[in-house]
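A.B. asks: I'd like to go over a predicted model; first the sequence, then the structure.
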Protein chains: 2
Amino acid sequence: MPDTPAAAEAAPTAYESTSRTVPTRAPHRAAYDRERVHAILDEGFVCHLGFVRDGAPVVLPTLYARMGERLYVHGSTGSRPLRMSGGADPGLPVCLTVTHVDGLVLARSAFHHSVNYRSVVVHGTARTVTDAAERSEALEAIVDHVVPGRAADSRPANAKELAATAVIRLDLEEVSAKVRTGGPGDDPEDLALPHWSGVVPLTRGYGAPVPADDLDPAVALPDYLKAL
Amino acid sequence: MPDTPAAAEAAPTAYESTSRTVPTRAPHRAAYDRERVHAILDEGFVCHLGFVRDGAPVVLPTLYARMGERLYVHGSTGSRPLRMSGGADPGLPVCLTVTHVDGLVLARSAFHHSVNYRSVVVHGTARTVTDAAERSEALEAIVDHVVPGRAADSRPANAKELAATAVIRLDLEEVSAKVRTGGPGDDPEDLALPHWSGVVPLTRGYGAPVPADDLDPAVALPDYLKAL
């Protein structure tokens, strides 16, 4: 990952940096180009959504999907952040963070231990989606984001289910990525120490699908699951 | 995972639930027993730490370790949450969340799609650790939490490095786990639909360690890395 300042990117392809998207630490690891941000967002499907309740922070894991320059999160109409962002309210200030941990970085010195990671932090105001078409599209996108191709191979939500589901939208405006790659950064005077140093890659994958107990054995495993 | 109410657990082995640790959704998935909470915390090493800055939430990924009933997070003395929790301040209200995603739950209906996961949410006040012995122990614990056995096989932090490192502590007092396991929960009228249903397990693992470019080939891969 080149450590070029994001300012070198052409403006239309990058998010504008703000006081809260320029990290206080390791600013050379920050990136603002849309392509990189989108790639990190699209690779994951669980985010950590932060909001403020009674003055204190709350961080909850939840599913999300990206459609263009918008993120969507869904949940029960009774859940706290979804309730708080709706109605006549001015929306809910949130911070939505997605993190992939790619490797353990082992240096000779304890101090230079680190992890390789790619993360995206989105600041903004979450608003309840009320348009029926946008709601349906967002819900499909969330299902397809977890398993591409799945939305078309399931029963769409009915009116009762839709009424019980809240969808909130967060525009990608104040956004930054942060990326660490590569090996350990030991100090020159530590290089001769007798400690192994390098990177232990972390892997993620899929196990063999486990059919539901009540699945009709005549229903074959679909291709989009074989492809995982 | 049995869906027994946490209240059935013996009091000393469980965290007391509070208004903010009882979820508004799926309260039967909440758990408060220390053993389960500790196991979830000990399996991960990256948390999402939330705090409030200028009235808005901020969520950042960071490393952590547990020592008994305390969590420790470290970082540069210049980083925002570490700076904000120190000095003469009354500490920094935080929410620290750890999530493991174990499987994709595919139901016949889009509505009943879900993921199997185990998460822990800790609410509390982070405080800067100033005691030298506690700081050293916490830093070792963070290294060992990522790779057990590594702290003893690296150069300990020197005075300059210690001076540049802040350690904050968060007591495990207001804590809950939330766990989903098992297959999809389709409605009876959907069981005959022709969609595959079940769980796709998610796996995590380690790739082959990659030695640093400047590692002396005479330094062998240590046993604690072979054991990963």
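C.D. replies: Ah, there it is.

A.B. asks: Could you check stretch A:162-172 and say which residues are buried?
C.D. replies: Within stretch A:162-172, the residues that qualify as buried by neighbour count (16 or more other Cβ atoms under 10 Å in any protein chain shown) are A:Thr165, A:Ala166, A:Val167, A:Ile168, A:Arg169, A:Leu170, A:Leu172. C-beta coordinates here come from the backbone N, C-alpha and C atoms, glycine included.

A.B. asks: Would you format those as TSV with distance to chain B included?
C.D. replies: TSV is the format used below for these (distance: Cβ to the nearest Cβ, whole Å):
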residue	distance to chain B
A:Thr165	7
A:Ala166	11
A:Val167	13
A:Ile168	14
A:Arg169	17
A:Leu170	12
A:Leu172	16
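
A.B. asks: what residue lies at the spatial centre of chain A?
C.D. replies: Geometric centre of chain A, nearest residue: A:Val98, 3.0 Å, by Cα atoms, centre = their mean.

A.B. asks: Please report how far it lies from B:Arg20.
C.D. replies: Taken as Cβ to Cβ, to the nearest Å, the spacing of A:Val98 relative to B:Arg20 amounts to 24 Å.

A.B. asks: So A:Val37 belongs to a helix, correct?
C.D. replies: Yes. Assigned with DSSP: H, G, I helix; E, B strand; the rest coil, A:Val37 falls within a helix.

A.B. asks: longest helix of chain A?
C.D. replies: Assignment by DSSP state H gives helix A:132-146 as the longest helix of chain A.

A.B. asks: where's that one relative to the chain centroid, distance-wise?
C.D. replies: Between the centre of helix A:132-146 and the centre of its host chain there is 16 Å, according to Cα atoms, centre = their mean, to the nearest Å.

A.B. asks: Repeat that for stretch A:147-158.
C.D. replies: 21 Å.

A.B. asks: go on, stretch A:101-118?
C.D. replies: 21 Å.

A.B. asks: how about that stretch, does it reach chain B?
C.D. replies: Yes. If you take Cβ under 8 Å from any Cβ of the partner chain as the test, stretch A:101-118 does meet chain B, through A:Val101, A:Gly103, A:Leu104, A:Leu106, A:Ala107, A:Arg108, A:Ser109, A:Ala110, A:Phe111, A:His113, A:Val115, A:Tyr117.

A.B. asks: So which of those residues sit within helices?
C.D. replies: Using DSSP H, no member of the residues of stretch A:101-118 next to chain B sits in helices.

A.B. asks: Turn these into TSV, columns for neighbour count and pLDDT.
C.D. replies: Supplementary listing: the residues of stretch A:101-118 next to chain B in TSV, determined by neighbours: other Cβ atoms under 10 Å in any protein chain shown; pLDDT from 0 to 100:
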residue	neighbour count	pLDDT
A:Val101	20	98
A:Gly103	23	98
A:Leu104	22	98
A:Leu106	29	98
A:Ala107	23	98
A:Arg108	26	98
A:Ser109	21	97
A:Ala110	25	96
A:Phe111	23	95
A:His113	22	96
A:Val115	20	97
A:Tyr117	20	97
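
A.B. asks: As TSV, these with distance to A:Ala30 would be great.
C.D. replies: Supplementary listing: the residues of stretch A:101-118 next to chain B in TSV, determined by distance: Cβ to Cβ, whole Å:
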residue	distance to A:Ala30
A:Val101	18
A:Gly103	19
A:Leu104	22
A:Leu106	24
A:Ala107	22
A:Arg108	27
A:Ser109	25
A:Ala110	25
A:Phe111	22
A:His113	21
A:Val115	17
A:Tyr117	13
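
A.B. asks: between those residues, which is nearest B:Ile40?
C.D. replies: For the residues of stretch A:101-118 next to chain B, the closest approach to B:Ile40 (Cβ to Cβ) belongs to A:Val101, at 16.4 Å.

A.B. asks: Contact partners for the residue lying closest to that closest one once chain neighbours are set aside?
C.D. replies: Residue nearest to A:Val101 in three dimensions, not counting chain neighbours: A:Tyr117, with 5.0 Å by Cβ to Cβ, 6 or more residues apart in numbering or on different chains. For A:Tyr117, the contacting residues are A:Thr99, A:His100, A:Val101, A:Asp102, A:Lys178, A:Val179, A:Arg180, B:Val46, B:Pro61, by Cβ atoms under 8 Å, 6 or more residues apart in numbering or on different chains.
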